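> sequence? don't have it. structure:
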DNA sequence: AATCTTATCACGCTATAAGGGTGATTTGCT
DNA sequence: AGCAAATCACCCTTATAGCGTGATAAGATT
């Protein structure tokens, strides 16, 4: 019997049998990794995961029943130290960000070759965050602000503070200007963004990445 | 004379002469890239950049005078299509996120070898977002929510809406509950977070990644 | 020189929103 | 049976939000 004790233990949760078995084969072919278990759905996995206690879980982002995205917090509460790598076919922005805020550590595309798969697993083990070029691009782009904002520097500054939940008078204090000045700026902001409330101003500004 | 016309044009802005010249040498050694210009400071670069119009700029994140971070929007307004790769020595979280929101496309550590440098340049040209393992980790971690939030699901939901600038009555409408219910939840949230205002609640929650 | 933009401040007005106190009910989970 | 979570009720006071209208000074732009 081969000794798997000092290998990195991996679990796969993926409903497509071909991919599940393909990945298992490719990963087991590496001397450093061992697939301890694989499941076709989250429900079954949750019941049995603690017995395996893998260091890394490859989790399909879209699964019937409990989705991969929703499975992340459930898995994390059972195995807090386990790294979760999402398996994706195409890049769905919304699912990517939901997975991230739920606690995923990285992404692996389903058409990856052996090297990419093992590299990614090794990278999460080393504390990294492996992802495809496309995912990295989406993530980085989410930080970029719009350089064509209609708002002036001061207006942007004030709207950012509005979005932090500050009252107009608190903003005035913090910026060392009069309350009337802040009111005036906010009036101009509303007019430029064509809105009539804090809520709408914040939404507009965030949607357009003005703030 | 060597024909550089169909090579990818690169500019370097970096105050350390050794690194500037080292990178220039390494990049020029590749048949695909050509360093058209290099500057030791942003001020000089801004005046001359448009004459070169490089596709990629390697920009030191920390520079005397105008910093690399602050240079990004200025460069982008001169050359909107140019990709900016930040040069870093160590990973300063704040500078990383500021660079990103200002429009940087990726990161390159100063101790990179030729392959990493040319790979990164090629990757931004291809629309990607190259970065070191550490930077990727920092970026991904910034999305992760705290799984030990003292707030219940409903409380988290409501606080998220408060952070969107919604009034209590708007939240009540959107959640199909009574205003009194929302007030009650917010009271509980304030009590759990030990705060007495929207502003403080939002700050607390964001700092601890409860929302 | 004339104009525009930006940031600043003033005053008046009305509705409501925010924060706090205290307490009750119901549902679901353990 | 007990507890946490979510719901709703009624009381209270002060501050806030949003709107209208207008002024002023400094800087940039044309």
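Noted; the coordinates are in hand. Keep in mind that what you see is a predicted model, and the values were worked out from it rather than measured.
> Is residue A:48 in contact with residue A:39, as I believe?
Yes. Counting by Cβ atoms under 8 Å, residue A:39 is a contact partner of residue A:48 at 7.3 Å. Just so you know, the C-beta spots here come from the backbone N, C-alpha and C atoms, and that holds for glycine as well.
> What are the structural domain limits within chain A?
A:8-141, A:153-207 (automatic domain parsing).
> quick one, which of those is nearest to residue B:96?
domain A:8-141 (10.6 Å; Cβ to Cβ).
> So is that closest one next to chain B?
Yes. Using Cβ under 8 Å from any Cβ of the partner chain, domain A:8-141 reaches chain B at A:73, A:76-77, A:80, A:97, A:100-103, A:105-106, A:123, A:126-131, A:133-134, A:136-137, A:139-141.
> what about that domain, start to end distance?
33 Å (Cα to Cα, to the nearest Å).
> Could you check how far the residue nearest the centre of chain A is from DNA strand C?
Closest to where the C-alpha atoms of chain A average out (Cα atoms, centre = their mean) is residue A:100, at 1.6 Å. Distance of residue A:100 to DNA strand C, given as Cβ to the nearest atom of the strand, to the nearest Å: 27 Å.
> Once you drop chain neighbours, what's closest to that residue?
residue B:143 (3.7 Å; Cβ to Cβ, 6 or more residues apart in numbering or on different chains).
> That neighbour: what secondary structure?
Under DSSP: H, G, I helix; E, B strand; the rest coil, residue B:143 falls in the coil class.
> All the helices of chain A, residue numbers only.
For chain A, the helices defined by DSSP state H occupy A:17-28, A:42-52, A:68-78, A:93-102, A:114-125, A:133-141, A:153-163, A:168-175, A:179-193, A:198-207.
> which helices and strands sit right next to the second one?
What it means is helix A:42-52. strand A:8-13, strand A:33-39, helix A:68-78 (3 or more Cβ pairs under 8 Å, 6 or more residues apart in numbering or on different chains; DSSP states H and E).
> now these in JSON lines, with distance to residue B:91 and mean pLDDT?
JSON lines is the format used below for those (distance: least, Cβ to Cβ, whole Å; pLDDT from 0 to 100):
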{"stretch": "strand A:8-13", "distance to residue B:91": "25", "mean pLDDT": "96"}
{"stretch": "strand A:33-39", "distance to residue B:91": "28", "mean pLDDT": "94"}
{"stretch": "helix A:68-78", "distance to residue B:91": "25", "mean pLDDT": "91"}
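> Burial-wise, tell me which of the ones you listed comes out on top.
Comparing the helices and strands packed on helix A:42-52 by mean neighbour count (mean count of other Cβ atoms under 10 Å in any protein chain shown), strand A:8-13 ranks first with a mean of 24.
> Which elements pack onto that strand?
helix A:17-28, strand A:33-39, helix A:42-52, strand A:56-60, helix A:114-125.
> Adjacent strands (with direction) for the shortest one?
Meaning strand A:56-60. According to DSSP bridges, strand A:56-60 forms sheet pairs with strand A:8-13 (parallel), strand A:83-88 (parallel).
> List the contacts of residue A:133.
B:123, B:126-129 (Cβ atoms under 8 Å, 6 or more residues apart in numbering or on different chains).
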